[in-house]
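K.L.:
Requesting a structural model of the entry that follows:
(chains A and B)
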Amino acid sequence: MNSLPWMVGGYIVMLGLLVIYIITLLVRARRLKTAICARKKQL
Amino acid sequence: MMEQSEIHPGQRTQRILDIAAALAVLGALAVVIFYAPLEATMGAVQKIFYFHLSAAWAGILSFMIAAIAGGIYLARRQTRWDQLSLSAVEVGLVLMLMAIVGGSIWARQAWNTWWTWDPRLTTVTIMELVYLAYFLLRQGVDDPERRARFGAVYAVVGFLSVPLMYLSIHLYRTIHPLLLGSTANDGMQLAPQMTQTLLISLAAFSVLLAALLYRRVRLARLADTLDALRQQMD
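P.N.:
Model (predicted):
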């Protein structure tokens, strides 16, 4: 049985998880920076 | 107004680490696809092994860093060690999840099942749940100093689940392949090209771990800065 599609699928899922995590890190950092700037302005 | 360097500290280092990690992981992927030989029995799906093991390696390293940073926090009570410990737990969880998911897809072809309660798979699930509970513990404590202290103790104690997971395949009967400490009869024997590919993948994931940890620590610093500002306003 050809297992190439399983290998490709495995790598897509593993690297996909990694990309999703990196995106969440970027989004969280942007939100925090915006919140910090807003608080600084209020002070 | 905030200084740019105050809100974006370490951006240059982060960029260098990001580029290095991207190049390392893509390079390792190219080596896996084009250089690593096909395994005789399993065929192409066996190539999942390289990133599966490397992600697990980086995850374990991350949990080790979390435990060490937790220990140092308990000794010195400096916030940066708590930030590192927290970051390492989160990054370790993601990397171990990558290893578990990749392993599950490999298992579907090799064992004809997505999952089985084998000692290795059971102990890795326990380990993942132990570290997930770390975040529940932190969320349950309001005082930052107590939260950091409890988190540090938990990171140190929780690390006990790592050797349990590692040793499970040596202590119990298992269908999970042995790599380290295996003999010609009971373990995976790798061809030289496979060993080289594995070492390249392990190195690539070590660089990736450094980049992810650095980014996550910067995020933890931003969160602490925001907490301090909130307290100032209250």
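
K.L.:
Chain B contacts on chain A?
P.N.:
Within chain A, the positions adjacent to chain B are A:1-4, A:6-7, A:9-11, A:13-15, A:17-18, A:21-22, A:25, A:28-29, A:32-33, A:35-37, A:39-40, A:42-43 by CB under 8 Å from any CB of the partner chain. C-beta coordinates here come from the backbone N, C-alpha and C atoms, glycine included.

K.L.:
how deep is residue A:22 tucked in, by neighbour count?
P.N.:
Number of residues near residue A:22 (other CB atoms under 10 Å in any protein chain shown) recorded here: 17.

K.L.:
ugh, wrong one, I meant residue A:18
P.N.:
Residue A:18 has 20 neighbours, counted by other CB under 10 Å.

K.L.:
Was I right to think it contacts residue B:94?
P.N.:
Yes. Contact status for residue A:18 versus residue B:94: in contact at 7.3 Å, counting by CB atoms under 8 Å.

K.L.:
Under the pLDDT cut-off, which ranges of chain A? List them.
P.N.:
Counting by pLDDT under 70, chain A has low-confidence residues at A:1.

K.L.:
follow-up on the earlier one: next step: the residues of chain A next to chain B restricted to helices.
P.N.:
Applying DSSP state H to these, the entries found in helices are A:4, A:6-7, A:9-11, A:13-15, A:17-18, A:21-22, A:25, A:28-29, A:32-33, A:35-37, A:39-40, A:42.

K.L.:
Are any of those residues buried, and if so which?
P.N.:
A:6-7, A:10-11, A:13-15, A:17-18, A:21-22, A:25, A:29, A:32-33, A:35-36, A:39 (16 or more other CB atoms under 10 Å in any protein chain shown).

K.L.:
what's the residue closest to the geometric middle of the chain?
P.N.:
Picked chain A for this. By CA atoms, centre = their mean, chain A has its centre lying nearest to residue A:23, at 2.3 Å.

K.L.:
To clarify, I was referring to chain B.
P.N.:
residue B:59 (1.8 Å).

K.L.:
what's the angle from the host helix or strand of it to helix A:4-42?
P.N.:
Element membership for residue B:59 (DSSP states H and E) is helix B:48-76. With axes from the mean of the first three to the mean of the last three CA atoms, to 10 degrees defining the directions, helix B:48-76 sits at 30 degrees from helix A:4-42.

K.L.:
residues of helix B:48-76 that come out buried?
P.N.:
By neighbour count on 16+ other CB under 10 Å, the buried set for helix B:48-76 is B:48-63, B:65-74.

K.L.:
Would that helix count as contacting chain A?
P.N.:
Yes. Counting by CB under 8 Å from any CB, chain A is contacted by helix B:48-76 at B:48, B:51, B:52, B:55.
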